[in-house]
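Student: sequence and predicted structure, then a few things I'm wondering about:
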Amino acid sequence: MVKQAKAQRMLTHDQIWGALDQLAARAGLSPSGLAKRAGLDPTTFNKSKRVTSDGRERWPSTESIAKALAAAESSIEIFARMIDNDAGNGRSVPLLGLAQAGLSGAFDEAGLPSGKGWTEIALPTAEDSRAFALEISGDALLPAYRDGDVLLVSPGTAIRKGDRVVLKTKAGDITLATLKRRTAKALELQSLDAAHGERTVAAGEVAWIARIVWASQ
């Protein structure tokens, strides 16, 4: 009698990259933020690097995985469990660099992600189905946020005095600020960029405003 071989699961390209995305999320980072913390080129784990221009799958090296685990203070055992459970513990949300957020076409009229340039990131929590993430670049927002931090923005969450928000004007400017006061006619903001300080924006100039509900620190 010929014994039937037991079917074995093969390790897939998507599982490896999905586990790296989960590893970054557990550390409160984007994939590029994890790469930078690991001492790698910031684009090492970007989605654009996962498939070559001619369609071939590109796999992360064992060295880059080892450095990522060290940077995230995680272990190979935890990483293996992430591979085996590639659904993850969080929900993927659209991700865009803050520098690109002010470009035309990045958002629709309702302030939701639109157009090209968006990737995805798995974050610890995202109860709002319309939530999206923005990645900080540079040090202009110190000490509130540093280079590589990821902000979870929730258009569906109510905004109160003292909340940190992302506001886009109809002129296309993006501002990260603390809401000091809001009336029917205007919003008073304390910019998180020390160079801009306090400002008042007429209600009629606001394209959309959304609350920052979580940030990697």
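Tutor: Noted; the coordinates are in hand.
Student: can you tell me how far the closest residue to residue 99 other than its chain neighbours is from residue 146?
Tutor: Leaving aside its chain neighbours, residue 99 sits nearest to residue 137 (5.4 Å; criterion: CB to CB, 6 or more residues apart in numbering). Bear in mind the C-beta positions are built from the backbone N, C-alpha and C, glycine included. According to CB to CB, to the nearest Å, residue 137 stands 10 Å off from residue 146.
Student: same thing with residue 53?
Tutor: Relative to residue 146, and taking CB to CB, residue 53 is found at 33 Å.
Student: centre of the chain to the helix or strand of the chain with the lowest mean pLDDT, how far?
Tutor: Taking mean pLDDT, DSSP states H and E as the measure, the chain has strand 119-123 as its least confident helix or strand, at a mean of 76. Remark: strand 119-123 is offset 6 Å from the chain centroid, using CA atoms, centre = their mean, to the nearest Å.
Student: tell me the helices and strands packed up against it.
Tutor: Here strand 119-123 touches helix 13-26, strand 91-97, strand 150-154, going by 3 or more CB pairs under 8 Å, 6 or more residues apart in numbering; DSSP states H and E.
Student: now with 6 Å, please.
Tutor: Applying 3 or more CB pairs under 6 Å, 6 or more residues apart in numbering; DSSP states H and E, one finds that strand 119-123 makes contact with helix 13-26, strand 91-97.
Student: now it - C-alpha only, PDB.
Tutor: Provided in PDB are the C-alpha atoms of strand 119-123 (Å, rounded to 0.1, in the frame of the first residue of the first chain):
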ATOM      1  CA  THR A 119      -0.200  52.200   0.400                       C
ATOM      2  CA  GLU A 120      -1.500  50.300   3.400                       C
ATOM      3  CA  ILE A 121      -0.500  49.600   7.000                       C
ATOM      4  CA  ALA A 122      -1.800  47.300   9.700                       C
ATOM      5  CA  LEU A 123      -2.400  49.300  12.900                       C
END
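Student: next secondary structure after it?
Tutor: Beyond strand 119-123 in the direction of the C-terminus, DSSP states H and E gives the next helix or strand as strand 132-135.
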